[in-house]
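Participant: Next comes the sequence, and after it the predicted model I'd like to discuss.
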Amino acid sequence: MEKFTIQDRVITLPVEVRRSRNWLATYTVDAAAAQRLIAPTGLEVAQPRSGRALVALAYIRYDDSDLDTYNEFAVTVIVRNHDAPPATPREMGAEVRKQRCGVLIHQLPVDQSFTLEAGRTIWGYPKTMAHFGVTDDGRHVTVELRQNDAMALRIRFSNGRLPWIRGQALPTYTFLDDALRLTRWETRSERPRGRLGGAELTLGDGVIADELRSLGLPKRALMTAHTPQMASRFGAAEVVTPARRPAVQA
């Protein structure tokens, strides 16, 4: 049983999230632009169809977890597994449909110092400090993310209308301090709802906003999803090496 000491507290793996809520907006973006963004990791973007990649923006409210109560915002990219062999566009599309891929956690602002240190130390999650302004009118949740005294982004998620079948919990990849790590996790969701479109994104200033602009955002979301109740369990991280380094198009 692996243990870590974070700010004089002992954290034992697996880490449990007993209750959380999340909102997710998924976008299709240019695969070459996404590949340039994640090039330092050595991973390859997954392509549901040739030339397109998937990027998701997620707001998560952790109400009861081993790492306390906090807000989190994730910028993620769907990637091929680190040990995936060369593949044709058709084969890469099949990987996405069959969920034989992973999620690169590219940016992960939070608003509490304990989870920031724990996330970086235990899993290599690229957590940074931010301020969250969140409003919920019952139909929409609006999140304003601020870093370095500037608005990084504002996004309004519309609550889903239709029952949404969540897929399996894809393994997460992180890249921090020149190390690529793989973390496997489990999740149980209650009453997820989804819809096509459903997100309004406004970009401000800073690294996150500039990176999203480089991907062609803001634009219409492919889909949004809302899970009002989710429990999760996170195991240990494993340092891995990509089987090959994909070429990056200029």
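Facilitator: Arrived safely. Residues are numbered from 1 along each chain as shown.
Participant: any idea which residue sits dead centre in this structure?
Facilitator: For the chain, residue 76 is the residue whose C-alpha lies nearest the centre (C-alpha atoms, centre = their mean; 3.6 Å).
Participant: Give me the helices and strands touching the helix or strand that residue falls within, please.
Facilitator: Secondary structure assigned from DSSP states H and E places residue 76 in strand 70-79. On a contact count with 3 or more C-beta pairs under 8 Å, 6 or more residues apart in numbering; DSSP states H and E, strand 70-79 meets helix 31-38, strand 52-65, strand 102-110, strand 131-136, helix 207-214. (C-beta placed from N, C-alpha, C; glycine too.)
Participant: if we go to 7 Å?
Facilitator: Applying 3 or more C-beta pairs under 7 Å, 6 or more residues apart in numbering; DSSP states H and E, one finds that strand 70-79 contacts helix 31-38, strand 52-65, strand 102-110.
Participant: Would you mind identifying the helix or strand in this structure with the lowest mean pLDDT?
Facilitator: When the helices and strands of the chain are compared on mean pLDDT, DSSP states H and E, strand 162-163 comes out lowest with a mean of 72.
Participant: Contacts for that strand, please.
Facilitator: The contact list for strand 162-163 (C-beta atoms under 7 Å, 6 or more residues apart in numbering) reads 193, 194, 195.
Participant: Mind listing the residues bridging to the first one?
Facilitator: On DSSP bridges, the residues paired with residue 193 through beta bridges are residue 163, residue 226.
Participant: how about low-confidence regions in the protein?
Facilitator: Scanning the chain for pLDDT under 70 picks out the ranges 164-167, 247, 249-250.
Participant: One more pass at 80, please.
Facilitator: For the chain, the stretches with pLDDT under 80 are 1, 160-168, 243-250.
Participant: follow-up on the earlier one: tell me the one of the contacts of strand 162-163 nearest residue 138?
Facilitator: Set against residue 138, the nearest of the contacts of strand 162-163 by C-beta to C-beta is residue 193 (13.3 Å).
Participant: From residue 123, how far off is the closest one?
Facilitator: As defined by C-beta to C-beta, to the nearest Å, residue 193 lies at a distance of 29 Å from residue 123.
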